[in-house]
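Colleague: I need the structure of the sequence given here:
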Amino acid sequence: MSGEHASIRLIDAYARGDAAMAADTIWALEAHLETCAPCRGRLAASVATAAPDIAALVDTVRAGLEPQLDAAGRAPRRRYRPRWVPAWLTPTMTPWLAMTLVVTLTALLLDAVAPPTFFGDVSPVVPIAPVLPLCGVAASWSRGLDPAHELTASTARAGLPLLLRRTTAVLVVVLPALLVGGWLTTGTMTAAQWLLPSLAFTSTALALGSVFGVTRAAAGLALAWGVVVVAPGWVTGRVPSALTYLLQPDQLPLWGLLLALGTGAVIARRDAYSTL
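Modeller: This is a model prediction of the structure:
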């Protein structure tokens, strides 16, 4: 890269499909081409001269598509959508985030109207708060839930950067709801006692996601928490001992350590997310 634009040499090598180009160089160039019209014009000219077979293929495809596009007529006008929306959100996340908020509001309603007895004197918000963000995280980078996953995964900014943006969007929606819920219901329990576990679970899901897939990792952690913590309280009608122990203030350093380890694992395996 030179100055504000890519060099002609780099663009020519990209147009020829030079196998010697490093993967990070290709990624940086493609990301730059997304926002730089002059460099896209240089690339088009370079393809015409340096890769005539590709130019011929593009012309053939265009010639075949133009009659079909003309026959289809003008596409309906789409509603305005800011350019940042697809970079941070996916349509499949909407129902998952809505479900997360509904669960939170339901727990608040149960606590306010008729405090349930299946968790003793603990609000139902407390045992579910640590894993609620995992619902949105599971849908943030899912091949099965996103119909445009293959198209999205082939873009220059796919992989960890896109996954982190979508995870941040989940946390921006879920954590304020949990903060309000905790303020209204958890009494003397501090927000850190369940917000720090939420962040720790999220970072662990992303770390394990580099190996097993984000959706599987998030679902597995949520299931494990439910079996170990939530289910015993539901069955016995008492505050689960595991919940009492894990969310005590003196356990916060362990949750912080888990958060740090998960974050470190994500950074160490950052290249693995482009091949999920």
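Colleague: Setting the sequence-adjacent residues aside, check what's closest to residue 130.
Modeller: Take residue 130 and drop its neighbours on the chain: the residue closest to it by C-beta to C-beta, 6 or more residues apart in numbering is residue 197, 3.8 Å away. Just so you know, the C-beta spots here come from the backbone N, C-alpha and C atoms, and that holds for glycine as well.
Colleague: Ramachandran angles for that neighbour?
Modeller: The phi/psi pair for residue 197 (degrees, to the nearest 10) reads phi -60, psi -30.
Colleague: Distance-wise, check it relative to residue 252.
Modeller: Distance, residue 197 to residue 252, by C-beta to C-beta, to the nearest Å: 9 Å.
Colleague: more crowded one of the two?
Modeller: Taking other C-beta atoms under 10 Å, residue 197 and residue 252 do not tie; residue 197 has more neighbours (23 against 16).
Colleague: Please report the distance of residue 272 from residue 249.
Modeller: 35 Å.
Colleague: Those two: which has the busier surroundings?
Modeller: Neighbours were counted for residue 272 and for residue 249 using other C-beta under 10 Å; residue 272 has more, 14 against 10.
Colleague: who touches the more buried one in this structure?
Modeller: Residue 272 makes contact with 210, 211 under the criterion C-beta atoms under 8 Å, 6 or more residues apart in numbering.
Colleague: Tell me the pLDDT of it.
Modeller: For residue 272, the model assigns a pLDDT of 81.
Colleague: Confirm it sits in a strand?
Modeller: No: counting by DSSP: H, G, I helix; E, B strand; the rest coil, residue 272 is not part of a strand but helix.
Colleague: distance of it from residue 206?
Modeller: To residue 206, residue 272 is 11 Å away according to C-beta to C-beta.
Colleague: what's the distance between the closest residue to residue 25 other than its chain neighbours and residue 273?
Modeller: Of all residues not flanking residue 25 in the chain, residue 10 sits nearest, at 7.4 Å (C-beta to C-beta, 6+ apart). Distance from residue 10 to residue 273, counting by C-beta to C-beta: 25 Å.
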